[in-house]
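1. Based on what follows, work out the 3D shape:
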Amino acid sequence: MASKSKVLVVGGTGYLGKRIVKASLAQGHPTYVLQRPEIGLDIDKLQMLMSFKELGAKLIEGSFSDHQSLVDAVKQVDVVICAMSGSSLRSQLKLVDAIKEAGNVKRFLPSEFGMNPARMGHALEPGRVPFAEKMEVRKAIEGANIPFTYVSANCFGGFFVGNLSQMGPLTPPKGKVTIYGDGNVKAIFLDEDDIAAYIIKTIDDPRTLNKTVYLRPSENILTHRELIGIWEKLTGKQLEKSTISSDDFLASMKDMDYGVQVAVGHLYHIFYEGCLTNFELEEGEEEEASKLYPEVNYTRMDEYLKRYL
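-> Below you'll find the predicted structure:
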């Protein structure tokens, strides 16, 4: 039986990164986590790193301001998974340089994990910016002939399910809910632990080499109305519903700060345009994770929502 690849997780203390570390360990991979001096006095991150050690992970010191330290870290593993986000996306270019120089990495999974940026060139500003940055990283990866897998995980449950995809708090609305458009556009929702499990499944799989893998478990492909209906069934209470047109929804962006404008733009593409489900996968270039790995017993959204009762 082939040995499991050694995995380095960059951004392992982040929202998804910590789940990737645990999934890697759970699936039997020798797991390493980059410990960056940039965490400074962040005691929560430090203690999380210590908890990874207790689970069996190894910590490797490295900094994005020290190229050689990244090269040295990368040389110790077979697979690199980056889970950095937000303003850190472009810093992955330094990681690409290190992987290229090291020359030993069998697979690199850059920080993507949401909508496929290759399909979002038309995205509204300023929400187009992170897609453009991810595409810049992809160009560098492919230009350096680094073996890759890109993962499109669609809607994270913590941001889209617990609040029924409402703007504002991340907990379910109490009495009223806004439906986007007619509420019948399909979206895709996933438990973050399932996302991490699927990610790790791909890393030693020749079927996913140099491809994009979509997470599209069939029972989690739901309309906005269906998602709201699940919560109403669980609580036994009907929410007061109102709808908002695409024009009014986009007009609401005008006086919002940058970060909220990005979120509104992405919600528009998901719930009005149907960008997660309005296309077929390209044969030979794209794969669907729940078909590749039917053994993953993914969380359905009624189970996910029960934690909010």
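
2. Outline the domain layout of the protein.
-> Per automatic domain parsing, the structural domains of the chain span 7-153+190-217+281-294, 158-186+220-273.

3. Dump those domains into CSV; add mean neighbour count and distance to L305 as well.
-> The way it works is simple: take the backbone N, C-alpha and C, and place the C-beta from them, glycine included. What follows is the domains of the chain, written out as CSV (neighbours: other Cβ atoms under 10 Å; distance: least, Cβ to Cβ, whole Å):
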stretch, mean neighbour count, distance to L305
domain 7-153+190-217+281-294, 19, 11
domain 158-186+220-273, 16, 6
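
4. And the strands in this structure, which stretches?
-> 7-10, 31-35, 58-61, 79-82, 107-109, 149-152, 155-156, 176-180, 186-190, 211-214, 221-223, 240-244, 286-288 (DSSP state E).

5. quick one on the thing from earlier: so for R300, which of the domains of the chain sits nearest?
-> With Cβ to Cβ, the closest approach to R300 among the domains of the chain belongs to domain 158-186+220-273: 6.6 Å.

6. Just tell me which of the domains of the chain ends up closest to K306.
-> Nearest to K306, of all the domains of the chain, is domain 158-186+220-273, at 6.5 Å by Cβ to Cβ.

7. how far does that closest one sit from the chain's center?
-> Centre-to-centre, domain 158-186+220-273 and its host chain are 19 Å apart (Cα atoms, centre = their mean, to the nearest Å).

8. cool, and stretch 110-123?
-> For stretch 110-123 - counting by Cα atoms, centre = their mean - the centre lies 10 Å from the chain centre.

9. ends of it, how far apart?
-> Start-to-end span of stretch 110-123 (Cα to Cα, to the nearest Å) is 20 Å.

10. what's it in contact with?
-> 11, 16, 82-85, 88-89, 92, 128, 130-132, 134-135, 137-138, 141, 148, 150-154, 156, 195, 199, 212, 214, 265-266, 269-270, 275-276, 279 (Cβ atoms under 8 Å, 6 or more residues apart in numbering).

11. That concludes my questions; thank you for your assistance.
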